[in-house]
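> here are the coordinates; sequence isn't available:
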C-alpha cells in the first residue's frame with residue numbers, strides 16, 4: 001500500500017511531466033497545425049482531469065490531516081487551498097478555451113507557473129513536517145483513501161464548490177458522476 005506521500009508524489013510527477021510537455025509547444029502563435037492544436041487541447045484536458053481528481057482527494061483527506069496534525073496546520077492548509085482555488089479557476093477557464101483562443105496560452109502559462117509553485121510549497125513546506133508527525137500506518141491509511149477517492153473524484157474543476165471535506169465527501173460522488181456523464185457525452189476521455 002503506497003503512503004500518502006507516494007500517492008501525492010506520483011500525481012505531482014505526472015503533472016510536472018505534462019507541464020513540461022505543454023511548455024514545448026507547438027502553439028497557435030508558433031504556427032501549429034490544426035492537428036497539433038487538437039493534440040494540445042487533449043493534453044490540457046488530461047491535465048484538467050488529473051488535477052481535478054488530485055485536488056479533490058487532497059481536500060477530502062490530506063488537508064484535514066495537516067490541520068489535525070500540525071500546530072500551524074490550519075495556516076498551511078489554508079494557504080495551500082487558496083493556491084488550489086486559484087488553480088481551479090484557471091483550469092476551469094482553460095478547460096473551456098480552444099487551443100486557438102488568444103487567452104489559451106496565457107492561461108496555460110499562468111497555470112504552469114502557479115502549479116509548479118504549489119507543488120513546491122507542498123513538497124518543501126508541508127510534506128517534511130507531515131513525515132515527522134505521521135506514523136507509517138497513518139500515512140498508509142491516508143494513501144489508501146487518496147487512491148480510492150481518485151476513482152470517484154470529479155474530473156472537472158468546480159471553483160464554486162467549497163473546499164470542505166464534508167461537502168466534498170457528500171456532494172463529490174454526485175458531481176463526479178455528472179462530470180463523467182458530461183465527459184462521455186462530449187467525448188472527453190478520462
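The structure has been received and is ready for your questions. These numbers come from a predicted model, not from an experiment.
> go ahead and flag the most central residue of this structure.
residue 51 (2.3 Å; C-alpha atoms, centre = their mean).
> for that residue, which non-adjacent residue is closest in space?
Once flanking residues are discounted, residue 51 sits nearest to residue 91: 5.9 Å by C-beta to C-beta, 6 or more residues apart in numbering. C-beta: built from backbone N, CA, C; applies to glycine.
> residues contacting the one you found?
47, 48, 51, 52, 111, 157 (C-beta atoms under 8 Å, 6 or more residues apart in numbering).
> list the contacts of stretch 33-45.
Against stretch 33-45 from outside (C-beta under 8 Å, 6+ apart): 18, 21-22, 25-28, 32, 94-95, 98-100, 108, 188-189.
> any idea which element the residue nearest to residue 51 lies in?
Secondary structure assignment for residue 91, by DSSP states H and E: helix 73-96.
> helix or strand: which one has the residue nearest to the centre of the chain?
Going by DSSP H and E, residue 51 is part of helix 34-57.
> which residues touch the spatially closest residue to residue 23 that is not a sequence neighbour?
Once flanking residues are discounted, residue 23 sits nearest to residue 112: 6.4 Å by C-beta to C-beta, 6+ apart. Going by C-beta under 8 Å, 6+ apart, residue 112 touches 19, 22, 23.
> next, count neighbours for the second one.
So that's residue 22. Other residues lying near residue 22 total 18 when counted by other C-beta atoms under 10 Å.
> quick one, what contacts residue 117?
Contacts of residue 117 by C-beta under 8 Å, 6+ apart are residue 83.
> 7 Å instead, please
Contacts of residue 117 were listed using C-beta atoms under 7 Å, 6 or more residues apart in numbering, and none were found.
> if you count neighbours, what's buried in whichever helix or strand it is part of?
Residue 117 belongs to helix 102-121 when elements are defined using DSSP H and E. Residues of helix 102-121 classed as buried by neighbour count (16 or more other C-beta atoms under 10 Å): 104, 105, 107, 108, 110, 111, 112, 115, 118, 119.
> equivalent analysis for stretch 30-50, please.
In stretch 30-50, counting by 16+ other C-beta under 10 Å, buried: 32, 36, 37, 40, 41, 43, 44, 45, 47, 48, 49, 50.
> over to stretch 62-75?
The neighbour-count check on stretch 62-75 (16+ other C-beta under 10 Å) flags 62, 63, 64, 65, 66, 67, 70, 73 as buried.
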